[in-house]
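>>> 3D, please:
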Amino acid sequence: PPSPTWRPGAPPPGIRRGRKAATSGSQSVLLDLPVQGALAGAQRLGRLQAVAPVPPKGVGHQQAFHVRQGQVGPRDRVHRRAVDQVANVSFNTANCIGTGYGRQRLPFARENIRSEILCHGLGAHAMFPATKTVLDIGGQDTKAIQVDPDGIVTSFQMNDRCAAGCGRYLGYIADEMNLGVHELGPIAQKSRHYVKISSTCTVFAGAELRDRLMMGQKREDILAGLHRAIILRAMALLARSGGIDDEFTFTGGVANNPAAVDALKGLVEENYGRRDVNISPDSIYTGALGAAMFALRQDQGTGTEVAA
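Below is the predicted model of the structure:
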């Protein structure tokens with residue numbers, strides 16, 4: 001878990017000998033690390049998403065931390081050396097928690113399985129302890145979560161039957177416009193008047209997008225309308241889950257999209273008044289962090305035990 005002096009967005013301090021929470025592959029584990037370094041992984045099966053060892057001597061944090069974003073290539077000797085350094089670390093697993101869509105296929109005992117909703121709630125609490133409401137917009141679903149002072153979920157609403165309003169929808173739009181997903185937000189922020197989008201259905205998104213462009217509407221105005229439509233869907237989930245209490249934490253890949261953040265802040269203030277909106281640069285790892293925190297609590301015999 002983060003140290004008392006660690007703040008979201010800052011490079012994590014070197015981890016010295018002792019028990020620390022980390023994640024690896026499709027499972028989150030509590031490790032007893034004999035050397036400096038940290039390993040963080042994904043909830044999705046078989047996909048290593050983050051490796052952040054203490055940078056080698058002479059290598060700056062910015063250069064070494066690019067590895068956390070998955071930018072690892074065979075021609076990059078610095079990154080490859082960093083990955084090998086962590087891969088060769090010997091450790092003893094103190095406890096492990098499985099989560100994510102593939103959690104039921106993991107060879108874990110039932111008490112070592114947690115749903116993504118529980119992990120996102122506790123992960124957001126670990127990042128921002130005053131969190132009461134969590135919105136997670138990921139690639140495949142959207143979650144609106146209410147948590148208690150211990151980070152345990154009290155209620156939630158989830159959209160997992162349709163890709164509308166999720167990261168995959170933005171990916172489809174980016175493909176249609178021949179853009180990178182990372183370009184959508186900055187372009188949308190240039191808009192002076194957003195276009196009202198009638199549907200966020202991924203199936204019809206391409207057709208509506210082409211119709212708007214043929215009508216001569218600016219792409220930044222169209223994208224601004226698309227981002228607003230996504231957030232409006234999320235706001236409906238939040239309302240059904242119990243509304244938005246202070247503090248409010250936004251997680252998931254879409255939390256890194258500046259146009260989505262702007263739309264969310266505007267709609268939250270419009271409907272609920274001023275709220276503190278927390279966003280960590282490491283928001284995509286919130287669920288993995290929550291799973292590691294469950295592993296830590298279980299190993300220490302503390303915290304509220306909940307079913308998956």
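>>> how about the strands in the stretch 151-300 of the chain?
153-159, 248-251, 277-278 (DSSP state E, counting those that start in this stretch).
>>> same for the longest one, what does it pack against?
Of the remaining helices and strands, those touching strand 153-159 by 3 or more CB pairs under 8 Å, 6 or more residues apart in numbering; DSSP states H and E are helix 116-127, strand 142-147, helix 219-241. Just so you know, the C-beta spots here come from the backbone N, C-alpha and C atoms, and that holds for glycine as well.
>>> between those, which one is nearest to Arg103?
helix 116-127 (8.1 Å; CB to CB).
>>> which of the strands of the stretch 151-300 of the chain sits most buried?
strand 248-251 (a mean of 28; mean count of other CB atoms under 10 Å).
>>> ok now it, how far from the chain's centre?
10 Å (CA atoms, centre = their mean, to the nearest Å).
>>> strand partners of it, parallel vs antiparallel please.
strand 133-137 (parallel), strand 277-278 (parallel) (DSSP bridges).
>>> for the last one, the averaged confidence score.
Same thing as strand 277-278. The pLDDT scores in strand 277-278 average 92.
>>> circling back to that earlier point, need the strands paired with strand 248-251 in CSV with distance to Asn95, can you?
Formatted as CSV, these follow (distance: least, CB to CB, whole Å):
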stretch, distance to Asn95
strand 133-137, 24
strand 277-278, 27
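>>> which regions of the stretch 101-250 of the chain sit below the pLDDT cut-off?
Along the stretch 101-250 of the chain, the model assigns pLDDT under 70 to residues 160-161, 163, 199-200, 202-203.
>>> closest one to Ile137 among the strands of the stretch 151-300 of the chain?
Judging these by CB to CB, what sits closest to Ile137 is strand 248-251, at 7.8 Å.
>>> comparing the helices and strands packed on strand 153-159, which comes out most buried?
Of all these, helix 116-127 has the most neighbours on average by mean count of other CB under 10 Å, namely a mean of 28.
>>> so it versus strand 142-147, what angle?
Angle of helix 116-127 versus strand 142-147, following axes from the mean of the first three to the mean of the last three CA atoms, to 10 degrees, is 60 degrees.
>>> please identify the most buried of the strands paired with strand 248-251.
strand 133-137 comes out most buried of the strands paired with strand 248-251 by mean count of other CB under 10 Å, with a mean of 29.
>>> run through who's touching it.
120-121, 124, 142-147, 165-167, 230, 234, 237-238, 241-245, 247-255, 260, 264, 286-287 (CB atoms under 8 Å, 6 or more residues apart in numbering).
>>> with Ile222 as the reference, measure out to the residue lying farthest from the centre of the chain.
With distances taken as CA atoms, centre = their mean, the residue sitting farthest from the centre of the chain turns out to be Met215, at 36.0 Å. According to CB to CB, to the nearest Å, Met215 stands 10 Å off from Ile222.
>>> got it, and Ala124?
Ala124 is 32 Å from Ile222, by CB to CB.
>>> same thing with Ile187?
10 Å.
>>> quick one, helices of this protein?
61-65, 77-87, 116-127, 167-176, 181-188, 202-214, 219-241, 258-272, 286-300 (DSSP state H).
>>> dump those to CSV, plus distance to Ser280.
Listed next are the helices of the chain as CSV, based on distance: least, CB to CB, whole Å:
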stretch, distance to Ser280
helix 61-65, 14
helix 77-87, 22
helix 116-127, 5
helix 167-176, 17
helix 181-188, 17
helix 202-214, 27
helix 219-241, 18
helix 258-272, 12
helix 286-300, 7
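>>> thinking again about what came up before, now for the strands paired with strand 248-251, which one comes closest to Asn112?
Here strand 133-137 is closest among the strands paired with strand 248-251 (CB to CB), at 22.1 Å.
>>> just want the angle from the closest one to helix 258-272.
Using the same axes, to 10 degrees: strand 133-137 against helix 258-272 is 150 degrees.
>>> nearest residue to Ala263 other than its sequence neighbours?
Once flanking residues are discounted, Ala263 sits nearest to Ile231: 4.3 Å by CB to CB, 6 or more residues apart in numbering.
>>> OK, contacts around the one you found?
260, 263-264, 267.
>>> now do 6 Å
263-264, 267 (CB atoms under 6 Å, 6 or more residues apart in numbering).
>>> tell me the one of the residues you listed nearest Cys96?
Leu264 (33.8 Å).
>>> so what's the residue count around the closest one?
27 (other CB atoms under 10 Å).
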